[in-house]
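S.K.: sequence first, then the predicted structure, then my questions.
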Amino acid sequence: METIRGKTSLDLDFNGLTERLAGYNRIILDLGTGDGRYVHFLADKFPGQFIIGVDPCRENLHEHSRAKLPNMLFVIASAQDLPRELTGLVSHVTINFPWGSLLDSLLTGDASLMCGLESISNSIASVDVRLNGGALVEAGWALEAGAEQIYNNMIQAGWQVEPPVMMNTDALRSFPSTWAKRLSFGRDPRAMMLSGWLAQAQSIECRAVFSR
Ligand SMILES: C[S@@+](CC[C@H](N)C(=O)[O-])C[C@H]1O[C@@H](n2cnc3c(N)ncnc32)[C@H](O)[C@@H]1O
């Protein structure tokens, strides 16, 4: 899989990844990580955990990926085609303020995203999804209706999810990602959060997707 550090790309195979992860029991993966500020924050705060940021857009990652932290890795990949090297490794997935095809896939319950999430997760994985009103409106959904749709799709995909809750401006302002800060000072500082955990071993639908 392609990883990035500063402006330098590096191919990391399964053995290389296993070496990097040795000694870490908890692996957090931030999907649609943007500039990686949240990953950098977590890696700095929790040196005993390994934090992976994933985004297809390499240009935004140059600054935060440069930091010399042994427990941080940035992967260039799209959410609909997650690297096989990550299979079964991830303890906790975060998706913060998705837009574009990542948000669309959550809204449609796209199997390539849902099965990818399931395949990278370990058997007791948990998930947090944070959604913002502006991105949902651009995708043609009101905030509450869009959050409800994603809640239903996650349940369909085998996640046990708590009903969506509102994030107020203070919660957004104190959340350590670039987009949370931008939203909290913007025109539409409304957001909702969904939390859950994987409730079901690999579904028949996902086995079919991966055997294609
Ligand atoms: C609004 S930004 C949020 C960035 C970051 N999570 C934050 O809180 O600052 C949305 C991110 O979703 C990413 N994204 C969009 N489609 C994606 C996809 N199909 N797979 C992975 N990431 C995607 C974009 O590249 C962008 O970085």
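M.R.: That came in fine, so what should we check first?

S.K.: what sits closest to Glu118 if chain neighbours are left out?
M.R.: Spatially, and ignoring its direct neighbours in sequence, Glu118 is nearest to Cys206 (5.4 Å; Cβ to Cβ, 6 or more residues apart in numbering). Backbone N, C-alpha and C define where each C-beta goes, glycine included.

S.K.: quick one: contacts for that neighbour?
M.R.: Cys206 makes contact with 111, 114-115, 118-119, according to Cβ atoms under 8 Å, 6 or more residues apart in numbering.

S.K.: which residues sit in contact with Arg182?
M.R.: Arg182 makes contact with no residue, according to Cβ under 8 Å, 6+ apart.

S.K.: separation between it and the ligand?
M.R.: From Arg182 across to the ligand, the span is 8 Å (Cβ to the nearest ligand atom, to the nearest Å).

S.K.: so that residue belongs to a strand, correct?
M.R.: No - using DSSP: H, G, I helix; E, B strand; the rest coil, the assignment for Arg182 is helix, not a strand.

S.K.: in stretch 146-165, what counts as buried?
M.R.: Buried positions in stretch 146-165, judged by neighbour count with 16 or more other Cβ atoms under 10 Å: 146-151, 153-154, 157-159, 161, 164.

S.K.: out of these, which are inside strands?
M.R.: 159, 161 (DSSP state E).

S.K.: please flag which of the buried residues of stretch 146-165 sit within helices.
M.R.: Applying DSSP state H to the buried residues of stretch 146-165, the entries found in helices are 146-151, 153-154.

S.K.: for these, give me JSON lines that also has distance to Leu183 and pLDDT.
M.R.: Converted to JSON lines, those look like this (distance: Cβ to Cβ, whole Å; pLDDT from 0 to 100):
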{"residue": "Gly146", "distance to Leu183": "15", "pLDDT": "98"}
{"residue": "Ala147", "distance to Leu183": "15", "pLDDT": "98"}
{"residue": "Glu148", "distance to Leu183": "20", "pLDDT": "98"}
{"residue": "Gln149", "distance to Leu183": "20", "pLDDT": "98"}
{"residue": "Ile150", "distance to Leu183": "17", "pLDDT": "98"}
{"residue": "Tyr151", "distance to Leu183": "20", "pLDDT": "98"}
{"residue": "Asn153", "distance to Leu183": "23", "pLDDT": "97"}
{"residue": "Met154", "distance to Leu183": "22", "pLDDT": "97"}
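
S.K.: I'd like those as a markdown table, with distance to Gly134 appended.
M.R.: Converted to a markdown table, these look like this (distance: Cβ to Cβ, whole Å):
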| residue | distance to Gly134 |
| --- | --- |
| Gly146 | 11 |
| Ala147 | 13 |
| Glu148 | 18 |
| Gln149 | 17 |
| Ile150 | 16 |
| Tyr151 | 19 |
| Asn153 | 20 |
| Met154 | 21 |
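
S.K.: noted, bye for now.
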